[in-house]
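Novice: dropping a prediction and its sequence here:
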Amino acid sequence: MKKLFKNNPLIVISVLLLSVVTIITYSRNLDSSVKSSQGFFSGKISFDSISNHKLYSDKIQVKRSAERGVTVLTIVVTDNNSPESVFVKLYNANERGTFFIPGEGDLQNVGNLIKDVNQFREESNFYQTTLANDEGLKNGVGRVNITKLTKDEVEGELIIIANNSEGKQAQLESARFKARF
């Protein structure tokens with residue numbers, strides 16, 4: 001066998017090439033599994049009755065904390081290609097299920113759509129489910145359907161209809177998310 005390697009350089013080159021390809025393949029698979037474990041957010045969003053467009057982010061932040069004596073799940077997303085953002089705060093989100101925004105009871109869930117996070121001082125950039133539309137109707141609503149909730153990650157679907165201080169409406173539809181705590 002030793003003689004075979006010494007006398008035939010083609011076999012040596014083939015073994016080296018196979019080793020390099022194996023190492024590259026392993027490192028790429030490792031990198032893609034790390035990226036997929038960070039999470040994602042994807043949905044369609046529209047502001048002020050302008051046609052909807054895709055909102056996508058791989059920079060989703062989720063946090064579990066305690067507030068007012070109950071467990072709070074907070075989800076913050078900023079689009080990869082624009083300053084648009086989504087903010088959701090759910091009270092008593094201890095298990096899988098459907099949570100409504102604003103919901104009922106003393107602790108109302110929060111669902112906000114932000115048109116431009118860089119213009120945070122302009123009140124008209126913030127669309128909230130608790131504000132009235134231009135006809136004076138409080139028609140803001142949202143629903144978060146948590147399909148997976150473990151100590152390490154959360155996964156689900158989300159829709160929000162919200163209004164800004166001028167009564168203009170924004171909608172987030174067909175949104176899906178997955179993230180690690």
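Specialist: Okay, I see it. Numbering: from 1, shown residues only.

Novice: okay, and the helix or strand of this protein with the least pLDDT?
Specialist: helix 2-7 (a mean of 59; mean pLDDT, DSSP states H and E).

Novice: give me the number of residues near Ile159?
Specialist: By other CB atoms under 10 Å, 18 other residues sit near Ile159. In this view, the C-beta of every residue, glycine as well, is placed from N, C-alpha and C.

Novice: just confirm it is within a strand.
Specialist: Yes - assessed by DSSP: H, G, I helix; E, B strand; the rest coil, Ile159 belongs to a strand.

Novice: so the residue nearest the centre of the chain is in which element?
Specialist: Closest residue to the average C-alpha location of the chain: Phe41 at 3.0 Å, with CA atoms, centre = their mean. Per DSSP states H and E, Phe41 falls inside strand 39-47.

Novice: for the record, mean pLDDT for that strand?
Specialist: Mean pLDDT, strand 39-47: 94.

Novice: helix or strand right after that strand?
Specialist: strand 53-57.

Novice: and for Val77, the neighbour number?
Specialist: Val77: 29 surrounding residues under other CB under 10 Å.

Novice: please disregard the earlier target; I meant Ile146.
Specialist: Applying other CB under 10 Å, I find that Ile146 has 20 neighbouring residues.

Novice: and it, that one's in a helix?
Specialist: No - secondary structure of Ile146 (three-state DSSP): strand, not part of a helix.

Novice: give me the nearest residue to it, chain neighbours excluded.
Specialist: Nearest residue to Ile146, sequence neighbours excluded (CB to CB, 6 or more residues apart in numbering): Gly156, at 4.2 Å.

Novice: can you show me the CA trace of whichever helix or strand that neighbour is part of as PDB?
Specialist: Using DSSP H and E, Gly156 sits in strand 153-163. Output of strand 153-163 as PDB, limited to C-alpha atoms (Å, rounded to 0.1, in the frame of the first residue of the first chain):
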ATOM      1  CA  GLU A 153     -37.100  29.000  21.200                       C
ATOM      2  CA  VAL A 154     -40.400  30.300  20.000                       C
ATOM      3  CA  GLU A 155     -42.200  29.900  16.600                       C
ATOM      4  CA  GLY A 156     -45.500  31.200  15.300                       C
ATOM      5  CA  GLU A 157     -47.600  33.300  13.000                       C
ATOM      6  CA  LEU A 158     -48.800  36.900  13.400                       C
ATOM      7  CA  ILE A 159     -51.100  39.500  11.900                       C
ATOM      8  CA  ILE A 160     -51.600  43.100  13.000                       C
ATOM      9  CA  ILE A 161     -53.900  45.900  11.800                       C
ATOM     10  CA  ALA A 162     -52.900  49.200  13.500                       C
ATOM     11  CA  ASN A 163     -53.500  53.000  13.100                       C
END
